[in-house]
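Engineer: The sequence and its predicted three-dimensional model are supplied below.
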Amino acid sequence: MNVRSWPFCALLLLLMTGCAGVSSTPPAPVVVATTASPLQTQTALTGVLVERGFTIDHADHDLCTLSAHFAARPPFHVEGECRPGAPGTRLELRARRGTTWLAGTRLTGLVEALAQKLPGARAVTAP
Amino acid sequence: MNGRIRGMIAGVGAALLSGCALQGTDPLASGPAPEPQAGCRLALERAATNVDWMRAASEALKAQHYHISDSDAELGVLNARRVRSLPGLGATELVSGLDGFPGMYHAEGRLSDPWQVFRGDPRRIDRVTLFNDGGELRLTRGTTVMSDRNFPIDARPTAQSGFCVALLDAVANRLDFKEGAR
């Protein structure tokens, strides 16, 4: 290898590293509080995700869990889990792209769309 | 190195970088949801329960070689998945060179696959979701093409009008047939 070419190789290596997916630990979920029932909350979340082109991988109304997938490179994944609150429901949302968890601020659009379907829904943990 | 070559290298570098950063549509963006493709909704008859339309949709999807991967009648959501092999990209038949390394050319002299990128056939994975959104059936589909080494070659939403109309018509016909049978 020509000595003069090593900066180019280093730059190429750096760029390729940027392309690779980086695993990260899941961040704290975005918590949405609503006065709606868990089923209404899960229905609204499903509607919001389907409107945006997600396909649902798994949904269980008894456990109140839902995971959705958006076909892209890398793919988007959204996970929702709700628990009965007092009163209403607390919905926890997480999202990742490929293997990289997304910051809560990236879920602002989803929370806003949920608030239109569930009057009174608001983010308790600020996204 | 003259300026022209530098410009070409910079252009190729920029193209590669932009490839890494391809975003396409951001489904998490703020603002109103995009309008669905025409024909990707079906107004359900009042008499049709979730179990009714889910049975009809299951039959229609199975006729297209999908299998039902998940469903929840209470929530009104049905998910199906289909995996198909895509012969062609993986149909390269490698011819080893004299030194034992993969040959660059086929016997016919056509360019082959020296780095064995396409050793097997890629798979096309279609995911479909049908959801009862307050009496209106909504349909989404996403498609991912994976190489034989599970590298995503392509991935995009694929709920086009042609697919939606054909599937939802099949669902409606089955619902009408059941309604008539009653």
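Structural biologist: Structure received. Residues are numbered from 1 along each chain as shown, chains lettered A, B, ... in the order given.
Engineer: Would you mind checking the average pLDDT for the helix or strand harbouring A:L114?
Structural biologist: Assigned by DSSP states H and E, A:L114 falls within helix A:108-117. Mean per-residue pLDDT for helix A:108-117: 93.
Engineer: now swap in stretch B:165-182 and tell me
Structural biologist: Computed over stretch B:165-182, the average pLDDT equals 82.
Engineer: hey, what's the residue sitting nearest the centre point of chain A bridged with?
Structural biologist: In chain A, the centroid-proximal residue (C-alpha atoms, centre = their mean) is A:A95; its distance is 1.8 Å. Taking DSSP bridges as the rule, A:A95 bridges to A:V78.
Engineer: What are the phi and psi values at residue 39?
Structural biologist: Went with chain A since none was named. Dihedral pair for A:L39: phi -70, psi -40, per degrees, to the nearest 10.
Engineer: where does B:E59 fall, helix, sheet strand or coil?
Structural biologist: What DSSP: H, G, I helix; E, B strand; the rest coil gives for B:E59 is helix.
Engineer: Helix or strand: which one has the residue nearest to it when sequence neighbours are not counted?
Structural biologist: Spatial nearest neighbour of B:E59, chain neighbours left out: B:R174 (5.8 Å); criterion: C-beta to C-beta, 6 or more residues apart in numbering or on different chains. (Each C-beta comes from the backbone N, C-alpha and C, glycine too.) B:R174 is part of helix B:161-181, with elements assigned from DSSP H and E.
Engineer: contacting residues around the residue nearest to the centre of chain A?
Structural biologist: The contact partners of A:A95, by C-beta atoms under 8 Å, 6 or more residues apart in numbering or on different chains, come to A:76-79, A:101-102, A:106-107, A:110, B:28.
Engineer: how about the residues you listed, which pair is most distant?
Structural biologist: A:W101 and A:L110 (14.8 Å; C-beta to C-beta).
Engineer: For burial, what's the neighbour tally of A:G53?
Structural biologist: A:G53 is flanked by 24 other residues according to other C-beta atoms under 10 Å in any protein chain shown.
Engineer: Just grab the bridge partners of the residue of chain B found nearest chain A for me.
Structural biologist: Evaluated by C-beta to the nearest C-beta, chain B has B:G142 as its residue closest to chain A, separated by 3.1 Å. Beta-bridge partners for B:G142, by DSSP bridges, are B:R127, B:P157.
Engineer: which non-adjacent residue is nearest the closest residue to chain B within chain A?
Structural biologist: Taking C-beta to the nearest C-beta as the measure, the point where chain A comes nearest chain B is A:A71, at 3.1 Å. Nearest residue to A:A71, sequence neighbours excluded (C-beta to C-beta, 6+ apart): B:G142, at 3.1 Å.
Engineer: Good, we can wrap up now.
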